[in-house]
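Novice: based on what follows, work out the 3D shape:
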Amino acid sequence: MDVGVWMRAEVFEEKLRARDEGKNEQVWNLSRWPRGFSEEGENRLYVAIQGAWRGYFTLSLEALYNPRDSTGYSLLFDTRTWTLITPIAVKCFRGFTYKVPQPSSDVFR
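Specialist: Sure, this is the predicted structure:
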């Protein structure tokens, strides 16, 4: 399952700084559960920054749920898995989307 999120540049930089500080596991909060997350296979969190898809993190097989939290769900990812892709333009969106780049040799480095 692949999902995409829109991240502010400073938030993305914070995630990568955490990696450099040895805090490899980070979270991204969602208000609803993404379909297909519990299916077999690799799960990826694609990141759009400043109008373009920039890459993805590999999601952990585990996630957190807190019914008292307004976001409810927290996807876990390891910042060391950041994979850069050739930027692809995307319009701003809220929440998350399933419309993410598909792996191909001309997009992925």
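Novice: for the rest of this, base every contact and every neighbour count on C-alpha atoms.
Specialist: Will do.
Novice: distance of the residue of the chain most remote from its centre relative to Ser31?
Specialist: In the chain, the residue that sits farthest from the middle, by CA atoms, centre = their mean, is Arg68; the gap is 22.9 Å. Using CA to CA, to the nearest Å, Arg68 is found at 12 Å from Ser31.
Novice: with Ala9 instead?
Specialist: 21 Å.
Novice: please, which helix or strand holds Val11?
Specialist: helix 9-20 (DSSP states H and E).
Novice: mind listing what's buried in that helix?
Specialist: The neighbour-count check on helix 9-20 (16 or more other CA atoms under 10 Å) flags Lys15, Leu16, Ala18, Arg19 as buried.
Novice: need the pLDDT of the residue lying closest to Arg32 once chain neighbours are set aside.
Specialist: Closest residue to Arg32 apart from its sequence neighbours, by CA to CA, 6 or more residues apart in numbering: Tyr73 at 6.6 Å. In this model, Tyr73 is scored at 87, pLDDT.
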